[in-house]
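Undergrad: I'd like to go over a predicted model; first the sequence, then the structure.
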Amino acid sequence: MTDAGEDYLDPLDDPLQRLAAEGGWDERARAIEADVARQRRRASRRMPRAPRVRRRQAGVSWLFVLLVALSAASGWGMWSGVVPDQAAVFVFILTGWLVTLCLHEYAHALVAHRGGDDTIEAKGYLRLNPLTYGHPVLTFLLPLFALLTGGLPLPGGAVLVESERLRSRHRDALVSMAGPAVNVVAAGLLLTTVALLGPAGIYDLGEPHAVFWAGLTLLAYLQVASAALNLLPIPGLDGYGMIEHYLPSRIQAVGRKIRPFGLLVVFLLLYLPPVRQGFGDLTIWITESSGTPVNGIYYGYQLFQFWRGWF
């Protein structure tokens, strides 16, 4: 039984029900969905895509491998005599110097990376590649010119470390110390090898393997000179970087102004005869005191700078 006063509810009075009952509802719904999908596709085409950031992986470049191979091959050429002596020594010294330059800068980068500078890997410094370690002129041409003409290897590469990211000033000092440490280790290994296995002296390049020992002695001397130069407390060099953050702020401010010209200052100082003579005597004394062959540096330079005999 129902109440006679209750109104009857027609389902079509519901607006949604009336809309669903109209003809063509399914077709119109599909058309609306298709139109929304088209608008979304157009909007996605108009939106610029985020650029892909290529992460530079750590490792070893083919150029570094080539330098190591040339150094080893020229070393074998010096020992065997199958390659002209001057050519073998020239290639051995240049490639050996470039290999240690890469290792020097890689050591800076690795210590900075471990010390908190998370930009090092993205800059490509954790990949052993000579092309990533600085400016073509200041990194290669100027130091090579100094090496070829004067025989002293100016500091070459440069790793851009963001010091503010490092965890402490002690880590900053370690970053600067890491590069020269490579030259010290290389010098120690070469000097020990020559002192223990080489002859007591070289009095004629016709002696057995005299060319090999002269080339090895010269490379050892250049590593000693590189370590000594890098440890000079001049802004822009590692020696100053080791102490910079322990200095008063006013001295640090002056150092920051001098830093871009530090390498040029060293280059000019070494062309002053008294400075050049004093530095050369010191590094020769360190090298010869380790027990290297008498006349080893002299004959090494004679073979390396072969063009001097043309004038």
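TA: Thanks, I have the structure now. This one's a predicted model, so the numbers in the text were calculated from it and none came from an experiment. Numbering: from 1, shown residues only.
Undergrad: Do you have the helices of the stretch 51-200 of the chain handy? List them.
TA: 62-80, 85-115, 142-149, 169-197 (DSSP state H, counting those that start in this stretch).
Undergrad: any chance of those in TSV, plus distance to G280 and mean pLDDT?
TA: (C-beta placed from N, C-alpha, C; glycine too.) What follows is these, written out as TSV (distance: least, C-beta to C-beta, whole Å; pLDDT from 0 to 100):
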stretch	distance to G280	mean pLDDT
helix 62-80	24	96
helix 85-115	17	93
helix 142-149	13	72
helix 169-197	16	94
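Undergrad: out of those helices, nearest to F261?
TA: Nearest to F261 among these is helix 142-149; the distance by C-beta to C-beta comes to 12.6 Å.
Undergrad: Columns mean neighbour count and distance to H245 on top of the helices of the stretch 51-200 of the chain, output as TSV?
TA: As requested, these are exported to TSV (neighbours: other C-beta atoms under 10 Å; distance: least, C-beta to C-beta, whole Å):
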stretch	mean neighbour count	distance to H245
helix 62-80	16	31
helix 85-115	22	13
helix 142-149	17	26
helix 169-197	19	4
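Undergrad: Can you tell me which of those is nearest to V275?
TA: Closest among these, using C-beta to C-beta: helix 142-149, at 13.4 Å.
Undergrad: Need the residues that contact stretch 296-311.
TA: 85-86, 89-90, 93, 148, 151, 194, 198, 201-202, 205, 210-211, 213-219, 221, 284, 287-288 (C-beta atoms under 8 Å, 6 or more residues apart in numbering).
Undergrad: Just the buried ones out of those, please.
TA: 85-86, 89-90, 93, 151, 194, 198, 202, 210-211, 213-219, 221, 284, 287-288 (16 or more other C-beta atoms under 10 Å).
Undergrad: What about the residues you listed, which are in strands?
TA: Mapping these onto strands (DSSP state E) picks out no residues; all lie outside.
Undergrad: would CSV of the helices of the stretch 51-200 of the chain with distance to P233 be doable?
TA: Below are these laid out as CSV (distance: least, C-beta to C-beta, whole Å):
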stretch, distance to P233
helix 62-80, 30
helix 85-115, 17
helix 142-149, 20
helix 169-197, 11
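Undergrad: Out of the ones you listed, flag the one nearest L128.
TA: Judged by C-beta to C-beta, the one of these that comes nearest to L128 is helix 62-80, at 4.3 Å.
Undergrad: neighbouring contacts of that closest one?
TA: Contacts of helix 62-80 (C-beta under 8 Å, 6+ apart): 83, 85, 87-89, 91-92, 95-96, 98-99, 102, 128-131, 209, 211-212, 215-216.
Undergrad: now that helix and helix 85-115, what's the angle there?
TA: 140 degrees (axes from the mean of the first three to the mean of the last three C-alpha atoms, to 10 degrees).
Undergrad: CA atoms only: put stretch 81-101 into PDB for me.
TA: Extracted C-alpha coordinates of stretch 81-101, given in PDB (Å, rounded to 0.1, in the frame of the first residue of the first chain):
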ATOM      1  CA  GLY A  81     119.000   1.200 -30.700                       C
ATOM      2  CA  VAL A  82     116.700   0.400 -33.600                       C
ATOM      3  CA  VAL A  83     115.400   4.000 -33.600                       C
ATOM      4  CA  PRO A  84     117.700   6.900 -34.100                       C
ATOM      5  CA  ASP A  85     119.000   8.000 -30.700                       C
ATOM      6  CA  GLN A  86     117.900  11.700 -30.900                       C
ATOM      7  CA  ALA A  87     114.400  10.800 -32.200                       C
ATOM      8  CA  ALA A  88     113.900   8.200 -29.500                       C
ATOM      9  CA  VAL A  89     115.000  10.500 -26.700                       C
ATOM     10  CA  PHE A  90     113.000  13.400 -28.000                       C
ATOM     11  CA  VAL A  91     109.700  11.400 -28.200                       C
ATOM     12  CA  PHE A  92     110.400   9.700 -24.800                       C
ATOM     13  CA  ILE A  93     110.900  13.000 -23.000                       C
ATOM     14  CA  LEU A  94     107.900  14.700 -24.500                       C
ATOM     15  CA  THR A  95     105.500  11.900 -24.100                       C
ATOM     16  CA  GLY A  96     106.800  11.000 -20.600                       C
ATOM     17  CA  TRP A  97     106.300  14.600 -19.500                       C
ATOM     18  CA  LEU A  98     102.800  14.800 -20.900                       C
ATOM     19  CA  VAL A  99     101.800  11.500 -19.200                       C
ATOM     20  CA  THR A 100     102.900  12.800 -15.800                       C
ATOM     21  CA  LEU A 101     101.200  16.100 -16.600                       C
END
